[in-house]
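Participant: Give me coordinates for this.
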Amino acid sequence: MDTDLIKLVNRLQDTFSNLGGELDMPQLVVVGSQSAGKSSVLENIVGRDFLPRGQGIVTRRPLILQLIHTPVPDLSANPPAYTEWAQFLHLDKRFTDFNEVRREIEQETFRVAGQNKGVSKLPISLRIYSPNVLDLTLVDLPGLTKIPVGDQPSDIERQIRNLVSEYISKPNSVILAVSPANVDLANSDALKLARSVDPQGRRTIGVLTKLDLMDAGTNAFDILTGRVYPLKLGFIGVVNRSQQDIITEKSMSDALEAEAEFFKNHATYRNISHKNGTKYLARTLNQVLMNHIRDKLPDMKARLNTLMGQAQQELNSFGDAAIFGDKNQQGALILRLMNQFAQDFISSIEGTKVDMSTKELSGGARIYYIFNDVFGHALASIDSTANLDNQDIRTAIRNSTGPRPSLFVPEAAFDILVKPQIKLLEAPSLRCVELVYEELVKICHNCTSAELERFPRLHSQLIECVSELLRERLGPTSGYAQSLIEIQAAYINTNHPAFIAGSAAAAQAATVPSPKPVAPSRPVSADAVPGGPTPEDGDDSANEEPAGANGVPTRDGRSVSSTLHDRSRPTSSTVPAATSSGKTKHPRHSSVLPTSHSHGPAAPGTSPHTARETFLNYFFGQNGPGPLAGSSVERSHTGLAPVPTGRDTSGADTPGPTGILAPKRPLDGNSAAFDMKSLGKHIEAVSGAGDNGSHMTQREEMETALIRSLIGSYFSIVRQSIQDLIPKAIMHLLVNHSSKHVQNRLVATLYKPELFSDLLNEDEALVAERTRVKALLDAYKEAFKTLSEVNLKTV
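Facilitator: Alright, predicted model coming up:
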């Protein structure tokens with residue numbers, strides 16, 4: 001029965017070593033300092049020379065040595081059976097030559113621990129079958145060292161101590177502390193380390209080696225009898241082969257006989273010779289191990305019971321493979337997993353998922369963050385008129401009036417300018433749709449469970465199906481968001497209450513009269529201001545000094561808007577004046593004088609006409625006022641040929657007027673602005689002058705500021721509307737629609753009997769893990785059953 005007990009433990013140890021079990025088997029752990037004779041003790045127990053020997057550290061990996069007693073084979077059998085053999089757990093091969101066993105241990109050590117003198121925690125498992133051994137399980141560990149030698153790691157002492165402590169700290173381990181007798185026992189590293197984990201010495205066996213090498217006149221009798229260092233399991237002395245015996249290949253049988261003779265003939269040890277020696281050590285270890293196993297049986301059974309429950313729970317999480325042959329069970333399983341996936345998707349969006357993260361935003365909270373923070377900040381960061389400079393607004397105003405002058409700011413210019421600004425809201429709106437779509441795809445990928453992970457193909461098909469539904473809704477949602485922007489740009493509602501209030505305030509701010517500049521000059525690039533002073537005004541002023549109703553001093557005191565308003569009605573101010581005076585108008589009083597005028601400043605004795613023209617040039621610029629409607633009336637009265645006024649572009653070949661009203665030349669001296677044959681150059685010259693920072697007139701500044709204020713007011717209205725409508729459209733067309741139809745789409749796409757077997761194809765790694773866990777569970781059950789039977793037999 002005891003033999004079966006040790007064999008059972010060995011079998012469990014092999015099984016759990018392969019399957020990765022966590023059951024600690026009762027075993028003997030050999031601990032000692034380097035060159036204390038640990039390997040020699042094991043070889044004497046086995047009766048074979050099979051361990052690597054040499055100088056320095058030789059054992060660099062744990063060696064789990066299982067000694068299995070076999071009956072004496074029948075030598076008359078044909079072919080003759082092996083008497084002794086060894087077998088490694090990592091090789092399916094029997095070794096009958098123990099020299100090959102030594103070489104295999106060395107090669108396996110080099111393979112894992114390397115060529116240097118480093119150590120490794122990965123054990124080597126070796127079984128030795130022999131009729132000359134008792135059933136034992138021993139673990140040979142690397143010897144304890146103090147300082148690194150050669151190319152050993154600098155922390156070799158710490159590595160070995162941690163490795164030894166890991167084995168001897170297990171309660172099911174019996175410590176075999178090997179100490180040399182020729183060194184003071186107080187300096188024994190093995191006993192010191194054993195005492196740290198077994199302070200009362202209940203599971204420590206002391207082994208004294210090298211008794212034959214002690215100084216003459218000294219002995220270890222007091223230590224062997226337990227008087228110096230008491231241990232419950234006591235001390236046992238052995239005599240191993242010397243290095244010279246190993247070199248001369250002294251046989252094990254001869255070494256054991258020499259050991260027995262040493263104890264029998266020694267004057268001090270002969271009385272205790274029956275309690276020392278390798279054979280007594282082997283019997284003691286066998287008995288200690290069996291008693292230890294018997295004592296630990298209740299703990300082992302309790303531990304096995306716990307491990308069986310854990311393994312069964314883990315196996316249940318992998319599911320049962322028996323359903324794969326039944327179509328009905330397969331369909332029910334797929335339908336249940338589909339419903340679970342759809343519910344996880346919906347609950348993640350709604351925020352009702354059970355295992356919701358508390359470390360970061362997830363699910364629907366991220367969608368709200370996109371609506372409120374990302375999209376809201378993107379819209380707020382758009383400046384309604386940042387990409388419009390004053391030149392663009394002025395050009396739009398001019399283009400919208402065509403060839404006619406305007407009394408007020410044209411509405412067409414506002415429409416032209418505000419529509420592209422509304423289009424600026426399209427990019428962040430479409431990006432908002434894309435961000436929500438990406439978050440829904442992430443939510444879809446995060447919807448999983450331990451049961452669904454069993455079937456990677458089904459999981460991928462569920463994700464693909466939902467992703468396809470989301471892709472189908474992405475196009476309509478983006479199109480609708482784009483349509484909302486186009487709808488806002490299609491009709492500019494200037495009757496909006498917020499826009500009316502905003503535009504009124506903007507108009508009030510824009511029309512506040514500003515101080516008149518001291519000496520404004522009319523730039524070349526500016527168009528002629530309609531409604532300027534007419535030749536009739538100048539003539540009446542020259543001939544009738546007392547009459548100042550339409551005189552310049554009166555105009556000079558008015559605002560720009562009133563002046564422009566007066567210019568827009570030339571016939572009511574000029575034609576009646578000509579009729580009442582009864583004087584015939586002469587072409588020399590027009591704004592462009594003949595070339596006979598002098599080019600220099602007016603002399604003190606000049607006529608009043610020249611003085612009036614000088615003041616008009618000061619107020620309106622040297623180019624003079626633009627052409628008036630009254631000029632046509634004047635020409636019809638006089639019957640003369642039309643005389644160009646303002647900036648003349650019709651006759652570059654004819655010398656221009658000279659004197660104080662002579663027009664300015666272009667900024668660069670180029671005559672392109674006066675070349676009717678090259679209108680493009682003229683426009684480029686005008687626009688180039690504007691780009692170079694030419695000053696706008698006061699009316700143009702007022703119109704530009706007013707347009708800019710109106711654009712900002714209306715853009716703010718549209719931005720608020722878009723900020724409200726885009727999230728609603730996304731929720732309706734994308735989020736809510738997907739949540740509503742996800743379950744129907746999954747069932748319609750994947751619930752097909754011909755797809756069941758393919759969808760329920762399990763992951764290969766999971767199948768292998770389930771097989772391992774099932775085998776481990778079976779091993780646990782078998783071990784528990786065996787331990788129960790052993791316990792009953794013992795009782």
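
Participant: Next one: residue 244 from residue 274, what distance?
Facilitator: 28 Å (C-beta to C-beta, to the nearest Å). From N, CA and C alone the C-beta is placed, and that goes for glycine too.

Participant: Likewise for residue 169?
Facilitator: Here residue 169 is placed at a distance of 34 Å from residue 274 (C-beta to C-beta).

Participant: The two: which has the busier surroundings?
Facilitator: Comparing residue 169 with residue 274 by other C-beta atoms under 10 Å, the one with more neighbours is residue 169, at 13 against 10.

Participant: Run through the bridge partners of the closest residue to residue 42 other than its chain neighbours.
Facilitator: Nearest non-adjacent residue to residue 42, counting by C-beta to C-beta, 6 or more residues apart in numbering: residue 140, 5.9 Å away. Beta-bridge pairing of residue 140 under DSSP bridges involves residue 30, residue 63.

Participant: what's the burial count for residue 140?
Facilitator: Using other C-beta under 10 Å, residue 140 is surrounded by 25 other residues.

Participant: In contact with it, which residues?
Facilitator: Contact analysis of residue 140 by C-beta atoms under 8 Å, 6 or more residues apart in numbering lists 30, 38, 39, 42, 51, 59, 62, 63, 65.

Participant: between those, which is closest to residue 399?
Facilitator: residue 62 (92.3 Å; C-beta to C-beta).

Participant: and the gap between that closest one and residue 125?
Facilitator: Distance from residue 62 to residue 125, by C-beta to C-beta: 9 Å.

Participant: Between these two, which has more neighbouring residues?
Facilitator: Neighbour count, other C-beta under 10 Å: between residue 62 and residue 125, residue 62 has more, with 23 against 17.

Participant: And the nearest residue to the more buried one once chain neighbours are set aside, how close does it get to residue 166?
Facilitator: Spatial nearest neighbour of residue 62, chain neighbours left out: residue 123 (4.0 Å); criterion: C-beta to C-beta, 6+ apart. Taking C-beta to C-beta as the criterion, residue 123 is separated from residue 166 by 11 Å.

Participant: Of the two, give the one with the bigger neighbour count.
Facilitator: Using other C-beta under 10 Å as the criterion, residue 123 and residue 166 rank with residue 123 on top: 17 against 13.

Participant: so what's the more buried one up against?
Facilitator: Each residue near residue 123 by C-beta under 8 Å, 6+ apart is listed here: 61, 62, 63, 64, 139.

Participant: Need the pLDDT of the first one.
Facilitator: Reading off the confidence values, residue 61 has pLDDT 87.

Participant: For residue 719, which non-adjacent residue is spatially closest?
Facilitator: Nearest in space to residue 719, with sequence neighbours left out and distances taken as C-beta to C-beta, 6+ apart, is residue 379 at 5.4 Å.

Participant: Kindly apply the preceding question to residue 188 instead.
Facilitator: Distances taken as C-beta to C-beta, 6+ apart put residue 179 closest to residue 188, at 4.1 Å, once the chain neighbours are dropped.

Participant: Based on its surroundings, how many neighbours for the one you found?
Facilitator: 28.

Participant: thought it was touching residue 190?
Facilitator: Yes: shown here, residue 179 and residue 190 form a contact pair, counting by C-beta atoms under 8 Å, at 5.5 Å.

Participant: Find residues that contact each of those two.
Facilitator: With contacts taken as C-beta under 8 Å, 6+ apart, residue 179 and residue 190 have 32, 33, 36 as neighbours in common.

Participant: Format these as JSON lines; extra columns: pLDDT, secondary structure and neighbour count.
Facilitator: Formatted as JSON lines, the shared contacts of residue 179 and residue 190 follow (pLDDT from 0 to 100; DSSP: H, G, I helix; E, B strand; the rest coil; neighbours: other C-beta atoms under 10 Å):
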{"residue": "32", "pLDDT": "90", "secondary structure": "strand", "neighbour count": "28"}
{"residue": "33", "pLDDT": "88", "secondary structure": "strand", "neighbour count": "20"}
{"residue": "36", "pLDDT": "84", "secondary structure": "coil", "neighbour count": "25"}
